[in-house]
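[1] I would like to see how this sequence folds:
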Amino acid sequence: MRQTPSLSVAIDAHADLAVSKQEFADTLSHLAATVCVVSAGSGADNLGRTVTAMFSLSANPPSVVISIKADSPLAALIATEEGFSLAMLAQGQDLIANAFAGKIEASKRFLVGVWADWPSRRPKLLGAAATLDCVLGAAMQLGDHTLFVGTIVASETSAHAAPLIWSRRRYQSLDKAKSLPAPSAHGQQALPSTKPAA
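    The predicted structure is shown next:
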């Protein structure tokens, strides 16, 4: 395996100007994100953690970024194994989210949910809204977290599972009855027609 270099960048140059941790947490609680489980390793050596700090990075090559506590065993395993898997949880998988958020001990987390293996032997959660298997493309430590870039080498999606959302410090679902209108062919949302005032 090729070794993926890790870069460390200090981000505390303006720490004295930053809002308090409580204000940060309160403000960011308004962000809505799909609940994910990041995992690495194989067999009895599997580790995993619930995260919402992930995003798509590029389509060339297809890649995502995850943020993991830098001094955690999971970050060390991702770096050593040079890869990770990611499950975007579906509605109804909140017990899995809780387990991997630390509600049960690490050695018993993979007993919650139905798990299989990718060809890489990394864990694959069945029944998720979407699952990815990634090889490590890059890593960068920023503050107390490491950003891992994963090149997607395999993926599966569900046509029927809706994502489990975390917002306002609780699990939520998408209300499809209140969905916004689809964009027009030109990429702009169609506005409802209104009658001019008389």
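
[2] When you work out contacts or count neighbours from here on, use the C-alpha atoms and nothing else.
    OK.

[3] per-residue pLDDT, the closest residue to Ala161 other than its chain neighbours?
    Distances taken as C-alpha to C-alpha, 6 or more residues apart in numbering place Ala129 nearest to Ala161, at 5.0 Å, with adjacent residues excluded. For Ala129, the pLDDT comes out at 97.

[4] Gln93 is in contact with Ala129, correct?
    No. Checked against C-alpha atoms under 8 Å, the pair Ala129 and Gln93 is beyond contact range at 9.8 Å.

[5] which stretches of the protein form helices?
    With DSSP state H, the ranges of helices along the chain come out as 21-28, 73-81, 94-98.

[6] who wins for proximity to Val64 among those?
    helix 73-81 (14.1 Å; C-alpha to C-alpha).

[7] Mind listing residues that contact the closest one?
    4, 39-41, 47-49, 68-70, 84, 136, 146 (C-alpha atoms under 8 Å, 6 or more residues apart in numbering).

[8] Can you pull the phi/psi pair for Leu89?
    Torsion angles at Leu89 (phi, psi; degrees, to the nearest 10) stand at phi -70, psi 150.

[9] Pull the contacting residues for it.
    Residues in contact with Leu89 (C-alpha under 8 Å, 6+ apart) are Thr34, Val35, Cys36, Val37, Ala97, Ala128, Ala129, Ala130, Pro163, Leu164.

[10] from those residues, which single one is nearest Ser184?
    Distances from Ser184 to the contacts of Leu89, taken by C-alpha to C-alpha, are shortest for Pro163, at 24.6 Å.

[11] ok so, going back, which one of Ala129 and Gln93 is surrounded by more residues?
    Neighbour tally, Ala129 and Gln93, criterion other C-alpha atoms under 10 Å: the higher count belongs to Ala129, 23 against 18.

[12] coming back round to it: just the buried members of the contacts of helix 73-81?
    Buried members of those, counted by 16 or more other C-alpha atoms under 10 Å: Ser39, Ala40, Gly41, Leu47, Gly48, Arg49, Ile68, Lys69, Ala70, Phe84, Leu136, Thr146.

[13] Could you check how far the third one is from Leu28?
    What it means is Gly41. As judged by C-alpha to C-alpha, to the nearest Å, Gly41 and Leu28 stand 31 Å apart.
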